[in-house]
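*Asks:* coordinates only, sequence not included:
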């Protein structure tokens, strides 16, 4: 099978699955169906766009007379396969970073661990600039703090280290005085 046909099949399956998720949530109480709908409708729209794009590519190829030759062209333009040592090294790296993020969230909590680990990953693994790494890490912190703690009122755990020392989240000693100063004015 060609890659475009695989794209169509996967996109169609995803569209059907998301339609089922959104449809099943229709009779749930409002607060319960809010999550599947908040995630389901935007992802459904993206899946429909992907399905339309994949279908349009196949239709365009057939109208241009590339019907059977498209698979040969795809094979010719495909990137060279990676060496097994490179694949193994990348797999190990991904697994190690996944474990590092899980441990970091567990040890330091989401508010402190997320930005720290994002900064370390972006700077040293992805080799981004310091500016980009700091900006992205700040965005991660704001996502957890503003999105969960302030907006939704979901308290995020402080992490095992802070909890075992009887402390609040590590970032709260810097953020809480600033917030108190801002909100008092």
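*Replies:* All right, it came through fine. Please read these numbers as outputs of a predicted model, since none were measured by experiment.

*Asks:* Touching, residue 134 and residue 120? I think so.
*Replies:* No - taking contacts as CB atoms under 8 Å, residue 134 lies outside contact range of residue 120: 11.6 Å. In this view, the C-beta of every residue, glycine as well, is placed from N, C-alpha and C.

*Asks:* hey, which helix or strand in the protein has the poorest pLDDT?
*Replies:* helix 69-77 (a mean of 52; mean pLDDT, DSSP states H and E).

*Asks:* quick one: low-confidence parts of this protein?
*Replies:* The chain contains residues with pLDDT under 70 at 1-2, 66-80, 185.

*Asks:* can you rerun that using 90?
*Replies:* Under the criterion of pLDDT under 90, the regions of the chain flagged as low confidence span 1-7, 30-36, 54-87, 146-155, 172, 174-176, 178-185.

*Asks:* the helices in it, which residues?
*Replies:* Secondary structure of the chain, counting by DSSP state H: helices at 3-24, 30-63, 69-77, 84-120, 130-142, 160-164, 172-184.

*Asks:* Go through those and name the closest to residue 152.
*Replies:* In this view, these are compared for proximity to residue 152 by CB to CB, and helix 30-63 is the closest at 11.0 Å.

*Asks:* Now that closest one: buried residues?
*Replies:* Taking 16 or more other CB atoms under 10 Å as the neighbour-count basis, helix 30-63 is seen to contain the buried residues 33, 36-37, 40, 43-44, 47, 50-51, 54, 58, 61.

*Asks:* How about stretch 97-116?
*Replies:* The neighbour-count check on stretch 97-116 (16+ other CB under 10 Å) flags 101, 104-105, 108-116 as buried.

*Asks:* Adding distance to residue 158 as columns, could you present these in a markdown table?
*Replies:* Putting the buried residues of stretch 97-116 into a markdown table (distance: CB to CB, whole Å) gives the following:
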| residue | distance to residue 158 |
| --- | --- |
| 101 | 17 |
| 104 | 13 |
| 105 | 11 |
| 108 | 8 |
| 109 | 5 |
| 110 | 9 |
| 111 | 8 |
| 112 | 8 |
| 113 | 10 |
| 114 | 13 |
| 115 | 14 |
| 116 | 14 |
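
*Asks:* ok, the spatially most central residue of the chain to residue 23 distance?
*Replies:* Within the chain, one residue has its C-alpha closest to the average C-alpha position: by CA atoms, centre = their mean, that is residue 140, at 11.6 Å. Computed as CB to CB, to the nearest Å, the residue 140 to residue 23 distance reads 34 Å.
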